[in-house]
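Visitor: Let's see this in three dimensions:
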Amino acid sequence: MYSRKKLNEIEPYLFTDDVIVIHGARQTGKTTLLKMMMKSYPDKNVCFFDLEDGRLLEVCEQGAEAIVEYLRQTSGLKKQERFFLFVDEIQYLKNPSSFLKILHDHYIHIKLIVSGSSSFEIKSKFKDTLVGRTVNFELFPLDFEEFLIFKKKKYDLSMEITLPLLHDELNKLYREYVAFGGYPKIVLADSIEKKERYLQQIIDTYIKQDIRDLANIRNIDKFNRLLHVLASQSGQLLNVMELSNTAGLSKQTIDEYLFILENTYIIKLLNPFSRNVRSELFKTPKIFFYDTGLLNMLWLKTLPLEITGGAYETSVFSEFIKNYGRENIRFWRTQDKKEIDFIVMNRNEPIPVEVKINAASMTYTPIRYFDRKYNPEKKFCISLEGELPVKKDFKLENVRPWEYKRVFEI
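Guide: Prediction:
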């Protein structure tokens, strides 16, 4: 099993009284993460429940007392002795809030660590009764550092990499990351054919199980059509009317489906940056997919040999979200269409970031305008190749996508 950075975030809570809740999209590695966490606890006082097993689900549905009795008989649970219970696929419970609340409040020696594959389902079932009892974590597909670990590449991206040979290899690896995405099983697959098949299985499971069963979608075919249209527009401004006409759905239904797609970790609607909160709330968001492999399969029906600008920009968005949090990422656009791809918030100070496959295609007008308006301390272009056009009167730093964390210093 390959280590995930999320484990470092969770570790401080492993021996607190909080219920640890991990949620995210299917196939992002939640089950594996739970099993890695189990190694932190004494073997004799640990039990793992997979609620896809109907027998265990039935025991849990009978209530906390039935669970405790089951653990006494099968796992040596003793009164007042610390015990660690891992529950995978918690969303299958009819009332997980009640289940977790009773165990947390009345059996305080049982430490609960649970995961669920659908934020939409978890949020609809988790009630306010759990406030103050849980600590929540989101698990996304691999970021590029984790991708390198899974590829058994021992690069230290916190160090400056100066050798052209190493830059060439990292460039090749990042292009692979953009083309195939960061789902662990896809990264580990040893052929494009397998990667495509596994990605299609993720898509099919999402549409046929999560959407049909959990979200009660009325017209799967139209939902599927909307998903494909959105994939072609990742990185673009949301146009609900155009989506409505293309997918044959009402505006209200489009809004409902977008809500579901966001809450099942498929897309993110990225809000614009503004110092005026009111204007920020009423401006049009952008659409982004979280994973470029999923995006490419939905859009192109295959995994590409050459990456597109939209997929590359989406990969940078995904890196930012995984490492800086959704609340710290924006984009910027004026009424006369001056636009900057991303604004990364650093202690409430904006860092403008332009994204170009080739830095030579950079145009300076939007970022000069932003610089005059907000006077940011630093400004960046994240490119895969090429050098920026020389502007002696304007400082813009050109970095590769594997360098941004080292130079941003957020």
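
Visitor: Tell me how far the residue nearest the centre of the chain lies from residue 33.
Guide: The centroid of the chain falls nearest to residue 140 when counting by C-alpha atoms, centre = their mean (3.5 Å). With the distance defined as C-beta to C-beta, to the nearest Å, residue 140 ends up 12 Å from residue 33. Where C-beta positions appear, they are placed from N, C-alpha and C, glycine not excepted.

Visitor: Now do the strands in the stretch 201-350 of the chain.
Guide: Applying DSSP state E, counting those that start in this stretch to the stretch 201-350 of the chain gives strands spanning 267-270, 286-289, 329-333, 339-346, 349-358.

Visitor: which one of those strands is the most hemmed in?
Guide: Mean neighbour count (mean count of other C-beta atoms under 10 Å) peaks for strand 286-289 among those, with a mean of 25.

Visitor: Can you list the helices and strands that that strand packs against?
Guide: helix 220-231, strand 267-270, helix 309-324 (3 or more C-beta pairs under 8 Å, 6 or more residues apart in numbering; DSSP states H and E).

Visitor: what pLDDT, on average, does that strand get?
Guide: Taken as a whole, strand 286-289 has an average pLDDT of 97.

Visitor: can you list contacts of that strand?
Guide: 230-231, 233-238, 266-270, 272, 295, 314, 317-318, 331 (C-beta atoms under 8 Å, 6 or more residues apart in numbering).

Visitor: can you rerun that using 6 Å?
Guide: With contact meaning C-beta atoms under 6 Å, 6 or more residues apart in numbering, strand 286-289 is reached by 230, 233-234, 237-238, 267-268, 270, 295, 314, 317, 331.

Visitor: picking that back up, for the residue nearest to the centre of the chain, which residues are in contact?
Guide: Contacts of residue 140 by C-beta under 6 Å, 6+ apart are residue 322.

Visitor: low-scoring stretches of the stretch 151-300 of the chain, by residue?
Guide: Scanning the stretch 151-300 of the chain for pLDDT under 70 picks out the ranges 213-214, 277-282.

Visitor: can you pull out the helices in it?
Guide: 164-180, 184-188, 192-205, 220-231, 240-247, 251-263, 277-282, 292-300 (DSSP state H, counting those that start in this stretch).

Visitor: Mind putting those helices into TSV with distance to residue 144 and mean neighbour count?
Guide: As requested, the helices of the stretch 151-300 of the chain are exported to TSV (distance: least, C-beta to C-beta, whole Å; neighbours: other C-beta atoms under 10 Å):
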stretch	distance to residue 144	mean neighbour count
helix 164-180	6	17
helix 184-188	11	19
helix 192-205	17	16
helix 220-231	21	18
helix 240-247	30	16
helix 251-263	23	17
helix 277-282	29	10
helix 292-300	11	24
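
Visitor: Redo those helices as CSV? Include distance to residue 348.
Guide: Formatted as CSV, those follow (distance: least, C-beta to C-beta, whole Å):
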stretch, distance to residue 348
helix 164-180, 30
helix 184-188, 34
helix 192-205, 37
helix 220-231, 31
helix 240-247, 30
helix 251-263, 25
helix 277-282, 12
helix 292-300, 30
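
Visitor: To residue 382, which of these lies closest?
Guide: Among the helices of the stretch 151-300 of the chain, the nearest to residue 382 by C-beta to C-beta is helix 164-180 (10.6 Å).

Visitor: How about residues contacting the closest one?
Guide: Contact with helix 164-180 is made by 144, 147, 186, 195, 292-293, 303-304, 307, 311-312, 315, 401-402, as judged by C-beta under 6 Å, 6+ apart.

Visitor: With stretch 142-157 instead?
Guide: The contact list for stretch 142-157 (C-beta under 6 Å, 6+ apart) reads 2, 177, 182, 187, 319, 322, 402.

Visitor: possible to save the strands of the stretch 201-350 of the chain as CSV with distance to residue 242?
Guide: Converted to CSV, the strands of the stretch 201-350 of the chain look like this (distance: least, C-beta to C-beta, whole Å):
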stretch, distance to residue 242
strand 267-270, 15
strand 286-289, 11
strand 329-333, 17
strand 339-346, 18
strand 349-358, 24
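
Visitor: Which among the ones you listed is found nearest to residue 222?
Guide: The nearest among the strands of the stretch 201-350 of the chain, by C-beta to C-beta, is strand 267-270 at 16.5 Å.

Visitor: pLDDT at residue 80, what is it?
Guide: 75.

Visitor: Pretty sure residue 107 is one of the things it touches, is it not?
Guide: No. Residue 80 sits out of contact with residue 107 when judged by C-beta atoms under 6 Å, with a separation of 10.0 Å.

Visitor: neighbour count winner among those two?
Guide: Between residue 80 and residue 107, counted using other C-beta atoms under 10 Å, the more crowded position is residue 107 (19 against 7).

Visitor: Which residue is the nearest non-sequential neighbour of that one?
Guide: Excluding its sequence neighbours, the residue lying closest to residue 107 (C-beta to C-beta, 6 or more residues apart in numbering) is residue 68, at 6.1 Å.

Visitor: Could you list every helix and strand that the helix or strand hosting residue 35 packs against?
Guide: If you go by DSSP states H and E, residue 35 is part of helix 30-38. Helix 30-38 sits against strand 83-88, with contacts defined as 3 or more C-beta pairs under 6 Å, 6 or more residues apart in numbering; DSSP states H and E.

Visitor: Show me what secondary structure element comes after the strand it packs on.
Guide: Counting by DSSP H and E, the next helix or strand C-terminal to strand 83-88 is helix 96-106.
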